[in-house]
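Colleague: Sequence and predicted structure are below.
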2 protein chains.
Amino acid sequence: MSELRKDPVVGRWVIISPERGKRPSDYAAKKIEKKEEFCPLCPGNESLTPPEIFAFREEGTGPDHPGWSIRVVPNKFPALKAEGNTDRQCDSIFDKMNGIGAHEVVIETPDHEVELPDLPLSSIKKILFVFKMRMEELSKDPRFRYVIVFKNRGQEAGASLQHSHSQIIALPIVPKRVMEELKGGKRYHRDHDRCIFCEMIGQELQRGVRLIEENEDFVAFAPFAARFPFETWIMPKAHASHYGMIQQFQYQTLAEVLSKTLKRLDRVLEDPPYNLVFHTAPILDEDLPYFHWHIEIIPKVTKIAGFEWGTGFYINPTPPEQSAAYLREVALA
Amino acid sequence: MSELRKDPVVGRWVIISPERGKRPSDYAAKKIEKKEEFCPLCPGNESLTPPEIFAFREEGTGPDHPGWSIRVVPNKFPALKAEGNTDRQCDSIFDKMNGIGAHEVVIETPDHEVELPDLPLSSIKKILFVFKMRMEELSKDPRFRYVIVFKNRGQEAGASLQHSHSQIIALPIVPKRVMEELKGGKRYHRDHDRCIFCEMIGQELQRGVRLIEENEDFVAFAPFAARFPFETWIMPKAHASHYGMIQQFQYQTLAEVLSKTLKRLDRVLEDPPYNLVFHTAPILDEDLPYFHWHIEIIPKVTKIAGFEWGTGFYINPTPPEQSAAYLREVALA
């Protein structure tokens, strides 16, 4: 018997359909493969990106030259641009505004062959720090309302370049999905005087069936109403609404959980394409008692079909308890 | 300069990014191809589907045998099943219910090689009638709240079978996306005492830049805040909240606009995979002054990436005015 489950935060119903019975091997055909090709993100090709915004680099090396370990550059084909104002124009029922924003690329390693989870923890910590630093910097622009950090791995997940990288986009509006999470969190907090995400973490730790990875500061689990097979969320155990509130000592513990979780996905699904997205509170909001920053990871192993588009209603052929068990039990060594 | 545009109904912002400048030929590589393979939907293989629910068939032929022109069968691998009750169970913050529903397949033609828009109008009219008939029948079950009709064409769009078919799913809840459209429509109606969809149709007919196809009863256009390149909506010109309110004479005019619109997409994008979804009001609602049934067609020509998943915020590299011009101007003969 399949089951309908409701996401506690945004109220989205999903069909969990275990009878469709998909196991990891049913998905494994989608694995990403790196082809030999010319790469504009590799050392030596720095002149092919716009001038760098920031880099960790060896002493004595100059900007836009080799010698860096992490490098941040503007996206060469930005979805949004920095110049202009954000005045809205309204024409009958149609609202629009200039495509103002920022679009940056974080090149996570000089090594074309290495993927994020396989980097040393010391490098992953630095990448996590760079995310925070760029978010803070972009948040100072009064035209922006939201900064999103995300990573597309593999062509099927929308990545146009193979070299390991993440992206940062600053937006002049707060996106709809974030508004929904804020609204759901606010409603729960009003009724129960508790953060629903904290509540969720408590439930997941207590039940254990959807747990994937855990340390003193962070927990990774398959969400109760997972939309996708092997969908995985990472949350800080202590309440914090903005990623920018991360503590110095938490870079290490987040790097650990993130690296292990991504390695588990790579082992079980054989290097799947995925999208990884930071969900954080909007720039202008103070510390919110009802929102809790987190990371959502969505391996791209199924096609999104008409049913999903039409309804915002998902069919997930692998129950999250089963996804979590596969991920929890796979050997990492 | 790219532009941010807001969907007038649900308030979703999208980035329209013409500088990424995608033309139809940039997408054409995705075209679907029919391979030779064994097909359970072909005549002669009727025993491989569950027993038929309905068929148009030649006199003297019996159920589950050849001789049919359109055939409706239960989905062999249904996402939801008919047996059981819809009691909700609540366990702390987690709500769930049995996966009760119906999942049917409408086989649109006995001919494995023919696609929906290339069928004679008389056949398309019958298919549109079958959608209405099955919707009405399923709406009688007091456990159901919503019936969705959709079509996935091509593997990239989630179709597991090549033979031209649509699907019908009855649900015990009203899906989130539909709730959002209802809410947006209701808000506009409260403030302006008009249907926002009627308003949109008026604007599109008057401006013409996003028009694709039109006759006395229906209009096809690229929506102002299109999420995807070549996204196309078909709407009845006269206000009606439920697809079930379609008039007898409108099967002909809807078949015309639907067939021509899909042919235009096939010509311009070279037989793309797509999802086609009927948006109609929930079963239990009476005729609503603020909702307007319509069809949304989404060619699958781009990958949905992390940015979209994270935010509910889309980047569309082909402005709808440009999509509409390509579709409007292509020769159909």
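Modeller: Noted; the coordinates are in hand. Numbering: from 1, shown residues only, chains lettered A, B, ... in the order given.
Colleague: In contact with A:Ser323: list those residues for me.
Modeller: Listed by CB atoms under 8 Å, 6 or more residues apart in numbering or on different chains, the contact set of A:Ser323 reads A:Ala222, A:Ala226, A:Pro229, A:Phe230, A:Glu231, A:Thr232. In this view, the C-beta of every residue, glycine as well, is placed from N, C-alpha and C.
Colleague: Enumerate every residue touching A:His163.
Modeller: A:Cys39, A:Leu41, A:Cys42, A:Ile107, A:His112.
Colleague: okay if I get the residues you listed as TSV plus secondary structure, pLDDT and neighbour count?
Modeller: Below are these laid out as TSV (DSSP: H, G, I helix; E, B strand; the rest coil; pLDDT from 0 to 100; neighbours: other CB atoms under 10 Å in any protein chain shown):
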residue	secondary structure	pLDDT	neighbour count
A:Cys39	coil	95	15
A:Leu41	coil	97	21
A:Cys42	coil	97	15
A:Ile107	strand	98	25
A:His112	coil	95	16
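Colleague: The contacts of A:Ser323 into TSV, with extra columns for neighbour count and secondary structure?
Modeller: Formatted as TSV, those follow (neighbours: other CB atoms under 10 Å in any protein chain shown; DSSP: H, G, I helix; E, B strand; the rest coil):
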residue	neighbour count	secondary structure
A:Ala222	27	coil
A:Ala226	26	coil
A:Pro229	26	coil
A:Phe230	29	coil
A:Glu231	22	coil
A:Thr232	28	strand
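Colleague: Quick one: which of the residues you listed has the lowest pLDDT value?
Modeller: Ranked by pLDDT, those bottom out at A:Pro229 (92).
Colleague: Give me the pLDDT for whichever residue of the stretch 151-300 of chain A sits closest to chain B.
Modeller: Residue nearest to chain B within the stretch 151-300 of chain A: A:Gly158 (2.6 Å; CB to the nearest CB). Per-residue pLDDT puts A:Gly158 at 80.
Colleague: Could you report the neighbour count for it?
Modeller: Neighbour count for A:Gly158, taken as other CB atoms under 10 Å in any protein chain shown: 21.
Colleague: re earlier: and the contacts of A:His163, which is closest to A:Phe144?
Modeller: Lowest distance from A:Phe144 to the contacts of A:His163 (CB to CB) belongs to A:Ile107, with 22.6 Å.
Colleague: Which residue is the nearest non-sequential neighbour of that closest one?
Modeller: Nearest residue to A:Ile107 in three dimensions, chain neighbours excluded: A:Arg71, at 4.4 Å (CB to CB, 6 or more residues apart in numbering or on different chains).
Colleague: quick one: A:Pro40 from A:His165, how far?
Modeller: For A:Pro40, the distance to A:His165 (CB to CB, to the nearest Å) stands at 11 Å.
Colleague: of the two, who's got more company?
Modeller: Between A:Pro40 and A:His165, counting by other CB under 10 Å, A:His165 is the more crowded of the two (22 against 15).
Colleague: dump the residue contacts of the more buried one.
Modeller: A:Leu41, A:Val105, A:Val106, A:Ile107, A:Glu108, A:Lys151.
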